[in-house]
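Undergrad: What follows is a protein structure lacking sequence information:
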DNA sequence: AAAGCGGGGGA
DNA sequence: TCCCCAGCTTT
């Protein structure tokens, strides 16, 4: 009896652990290409638990790529609102149209063709191709980076392409065997549930005895984390404007860039809580009123939004379309986070997103 | 190589 | 508060 080669042993341990402990996620009950693809896009930089309700709503609304391709972007963003990184929704819409045009509506069973679609990078290509079609391609997400850095005790910053390549090659060797999709998921699942960033549960880990970081007692310190920069704070001045019917004026932001395609209150950048700046939108703010101030953080900056009641009808500014909406129309509209916060703070009654959708 | 791009959950 | 999450695109 000879000992299995290290890679084969790792595969067996990881798959055995995965079979026993994998989470019961909705797309795992139905691992067809389109449901899997949608789940992978929604889970980018997003916790699985956060993505699940959105995935259910999307699958109900758009059961096939052709359904998504045919839908107006505004409706898609309305369902995506709250999940963040809205370029994912725009790219997936474009990619679904590419699938219809190039592949007759079927997700291509071909890594080259799939990887050429909008918004499909190295990770998503490997994940969908391995899980849905059984291609032996690695899929390295943040969890996998952590697991592999610890397993091999890789002490260099994993972000530079040179070091990233080492990690991807290791993952490629691991999945170059049976059940590549399950193996990819096993590695990610291990990182998500056991090999966590802080205080990893090594006693529950199926490969703890093979982990070089643990052998050296440095598992918490890996992977090394880059120092992050401070977020700058920017001021925004916004207006709550009602028309004669009590409807609220909103504008739709340009399709590209921050919160692209989402609806929000009439607003402009300002050096501070500068109410009169709203006159540049053709509005007359009630400067006797105290502004309502909310803060909203993004990845790279923080908005401090000061909202005044105002009169008039907005024009110009950085938006594509101005429209007034009844309060009942606001849920499901595709309202930006900052404006949602500001509206609530101003006393407009809106359901919370998490409870807003059915199911 | 670095920056832009959301929002939330947990320590 | 800070960290980090089933990353991709643009500059």
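TA: Looks like it arrived, so ask away. Model, not experiment: these values are computed from the prediction.
Undergrad: Going by C-alpha atoms from here, please, whenever you check contacts or count neighbours.
TA: OK.
Undergrad: what's the offset of whichever strand in chain A runs longest from the middle of its chain?
TA: Identified as the longest strand of chain A according to DSSP state E is strand A:301-312. Centroid displacement of strand A:301-312 relative to its chain, using CA atoms, centre = their mean, to the nearest Å, is 26 Å.
Undergrad: Check stretch A:247-265 too.
TA: How far stretch A:247-265 lies from its chain's middle: 19 Å, per CA atoms, centre = their mean.
Undergrad: So is it next to DNA strand B?
TA: Yes: contact between stretch A:247-265 and DNA strand B, assessed by CA under 7 Å from any atom of the strand, occurs at A:257, A:258, A:259, A:260.
Undergrad: Which strand or helix spans whatever residue of the stretch 151-300 of chain A ends up closest to DNA strand C?
TA: Of all residues in the stretch 151-300 of chain A, residue A:192 sits closest to DNA strand C, at 4.4 Å by CA to the nearest atom of the strand. Using DSSP states H and E, residue A:192 falls within helix A:180-193.
Undergrad: Among the residues of stretch A:247-265 next to DNA strand B, which ones are in strands?
TA: In strands, judged by DSSP E, none of the residues of stretch A:247-265 next to DNA strand B are found.
Undergrad: Report the two of those residues separated the most.
TA: A:257 and A:259 (6.3 Å; CA to CA).
Undergrad: So the two - more neighbours on which side?
TA: Between residue A:257 and residue A:259, residue A:259 has the larger neighbour count (other CA atoms under 10 Å), namely 22 against 11.
Undergrad: shouldn't the more buried one be in contact with residue A:253?
TA: Yes: with contact defined as CA atoms under 8 Å, residue A:259 counts as touching residue A:253 (7.1 Å).
Undergrad: show me the contacts for the residue of the stretch 151-300 of chain A closest to DNA strand C.
TA: Residues counted as contacts of residue A:192 (CA atoms under 8 Å, 6 or more residues apart in numbering) are residue A:143.
Undergrad: Residue A:298 is in contact with residue A:338, correct?
TA: No: Residue A:338 is not in contact with residue A:298 according to CA under 8 Å; the separation is 9.9 Å.
Undergrad: Settle it for me: which of the two has more neighbours?
TA: Neighbours were counted for residue A:338 and for residue A:298 using other CA under 10 Å; residue A:338 has more, 19 against 12.
Undergrad: That one belongs to a helix?
TA: Yes: Residue A:338: assigned to a helix according to DSSP: H, G, I helix; E, B strand; the rest coil.
Undergrad: Could you report the distance from whatever residue of the stretch 51-200 of chain A ends up closest to DNA strand B to DNA strand C?
TA: Closest to DNA strand B within the stretch 51-200 of chain A is residue A:84: 3.3 Å, counting by CA to the nearest atom of the strand. According to CA to the nearest atom of the strand, to the nearest Å, residue A:84 and DNA strand C sit 9 Å apart.
Undergrad: Could you tell me how many residues sit around that residue?
TA: Using other CA under 10 Å: residue A:84 sits among 16 other residues.
Undergrad: Quick check: pLDDT value at it.
TA: Model confidence at residue A:84, given as pLDDT, is 97.
Undergrad: Quick one: residues contacting it.
TA: With CA under 8 Å, 6+ apart, residue A:84 has no contacts at all.
Undergrad: Return the backbone torsion pair for it.
TA: phi 90, psi 170 (degrees, to the nearest 10).
Undergrad: Make sure residue A:234 is indeed in a strand.
TA: Yes: the assignment for residue A:234 by three-state DSSP puts it in a strand.
Undergrad: What score does the residue nearest to residue A:33 when sequence neighbours are not counted have for pLDDT?
TA: Nearest residue to residue A:33, sequence neighbours excluded (CA to CA, 6 or more residues apart in numbering): residue A:132, at 5.1 Å. pLDDT recorded at residue A:132 is 98.
Undergrad: For residue A:132, I want the exact helix or strand it lies within.
TA: Using DSSP H and E, residue A:132 sits in helix A:122-133.
Undergrad: Likewise for residue A:155?
TA: For residue A:155, there is no helix or strand it lies in under DSSP H and E.
Undergrad: For it, give me its contacts.
TA: Residues near residue A:155 by CA under 8 Å, 6+ apart: A:149, A:222, A:223, A:224.
Undergrad: for residue A:268, same thing?
TA: So residue A:268 contacts A:236, A:237, A:238, A:277, A:278, A:317, A:318 (CA under 8 Å, 6+ apart).
Undergrad: Just those: which are in strands?
TA: Under the assignment DSSP E, those contribute A:236, A:237, A:238 to strands.
Undergrad: Which residue ranges of the stretch 101-250 of chain A form helices?
TA: A:111-115, A:122-133, A:142-151, A:161-175, A:180-193, A:212-216 (DSSP state H, counting those that start in this stretch).
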